[in-house]
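*Asks:* Next come a sequence and a model predicted from it.
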Amino acid sequence: MEQGLVERAQSGDRDAFGDLARQAGDRLYAIALRIVRDRDLAGDVTQQTLVRIWREIPRLRDPERFDAWSYRLVVNACYDELRRHAPRTVAIEGWDTAVPDASLTVHDRDQIERGFRQLSPDQRAVVILQYYLDYSLPEIAATLGIPGGTVRSRLHYARQTLRAALEADARQSLNGSGAR
């Protein structure tokens, strides 16, 4: 984000905040969708996050950290919504909402989606920050406000869960093709 734009929004400039919201909105929505796995809920989370950003931006100490700060807010809003909606069944949406990865087949994306469904929201958050936003482990820890060891642990268990899901899917495919 442009530091000057953030500073103007911090001073109460509504137009500057509107520009910030337009620039950050799609990224915040993409993160929310990947965590909550429901388009409507992700839209709600994004709106809640933008309102919270507007209220709290005057207290942001370092305008250069706006992106990391806003990512932390959206991840926390996702956690809150998932806790609030835990009893209901959440509709699963596709993994890719932005530009599809041409190197992945539909079958590959389906496999990844099935594995991703097995992850907890905490695990989804660290996977998204590392692989979708290309954050380093220290950046993930700072963004989520958790220790680096917790980040490593969540990534480890997330990879383990994804690997197990993909291996189970592969075994099922082999058994299914041999039965024909």
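*Replies:* Looks like it arrived, so ask away.
*Asks:* The helix or strand hosting E7 packs against which elements?
*Replies:* Secondary structure assigned from DSSP states H and E places E7 in helix 3-10. Counting contacts by 3 or more CB pairs under 8 Å, 6 or more residues apart in numbering; DSSP states H and E, the secondary-structure elements packed against helix 3-10 are helix 14-36. No exception for glycine: its C-beta is placed from N, CA and C like everyone else's.
*Asks:* and for the helix it packs on, what are the contacting residues?
*Replies:* Contacts of helix 14-36 with the rest of the structure, by CB atoms under 8 Å, 6 or more residues apart in numbering, involve 1, 5-6, 8-9, 39, 41-43, 45-46, 49-50, 53-54, 57, 66-67, 70-71, 74-75, 77-78, 81-82, 90, 93, 95, 97-98, 121, 124-125, 128, 132-133.
*Asks:* Give me the angle between it and helix 3-10.
*Replies:* Compare the direction of helix 14-36 with that of helix 3-10 by axes from the mean of the first three to the mean of the last three CA atoms, to 10 degrees and you get 100 degrees.
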